[in-house]
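**Student:** I would like to see how this sequence folds:
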Amino acid sequence: MVRARVRVYGRVQGVFFRYNTRKKALELGLSGWVRNVPDGTVEILVEGPRDKVERLIDWARVGPPLARVTKVDVQWEDYKGEFDSFEIVY
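**Tutor:** Predicted structure coming up:
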């Protein structure tokens, strides 16, 4: 089990990025959250099996159809197991 903090840059707000991230994370059985950041990026904190977390990160490099992702930063952290589901936070 792993934990990753992901920052997604580009046209990622106002294009249903958070909604679709949550949908994909739940499909993969992952836990954590996604939120818009005031600087125009999207931040994802995700936990789960490494292969599934990497699949979510790969998905985030493209995002939903209206998004235009220009950069994705990933920081791997120690797994904590503190989430029961995957939510959109504000």
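
**Student:** Would you state the strands of this structure in chain order?
**Tutor:** 2-11, 31-36, 42-48, 68-77, 86-88 (DSSP state E).

**Student:** Now do the third one against strand 2-11, angle only.
**Tutor:** With axes from the mean of the first three to the mean of the last three CA atoms, to 10 degrees as the basis, strand 42-48 and strand 2-11 are set at 160 degrees to each other.

**Student:** Tell me the strands beside strand 42-48, with direction?
**Tutor:** strand 2-11 (antiparallel), strand 31-36 (antiparallel) (DSSP bridges).

**Student:** now swap in the shortest one and tell me
**Tutor:** Sheet pairing here is set by DSSP bridges, and for strand 86-88 it gives strand 31-36 (parallel).

**Student:** buried stuff in the strand it pairs with?
**Tutor:** 31-34, 36 (16 or more other CB atoms under 10 Å). Where C-beta positions appear, they are placed from N, C-alpha and C, glycine not excepted.

**Student:** circling back to that earlier point, output the strands paired with strand 42-48 in TSV, with distance to residue 24 and mean pLDDT appended to each entry.
**Tutor:** Shown next, in TSV, are those (distance: least, CB to CB, whole Å; pLDDT from 0 to 100):
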stretch	distance to residue 24	mean pLDDT
strand 2-11	12	98
strand 31-36	10	98
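
**Student:** For residue 50, which of those is the nearest?
**Tutor:** strand 2-11 (4.6 Å; CB to CB).

**Student:** What are the contacting residues of that closest one?
**Tutor:** 17, 32, 37, 40-50, 53, 57, 60, 63, 66-80 (CB atoms under 8 Å, 6 or more residues apart in numbering).
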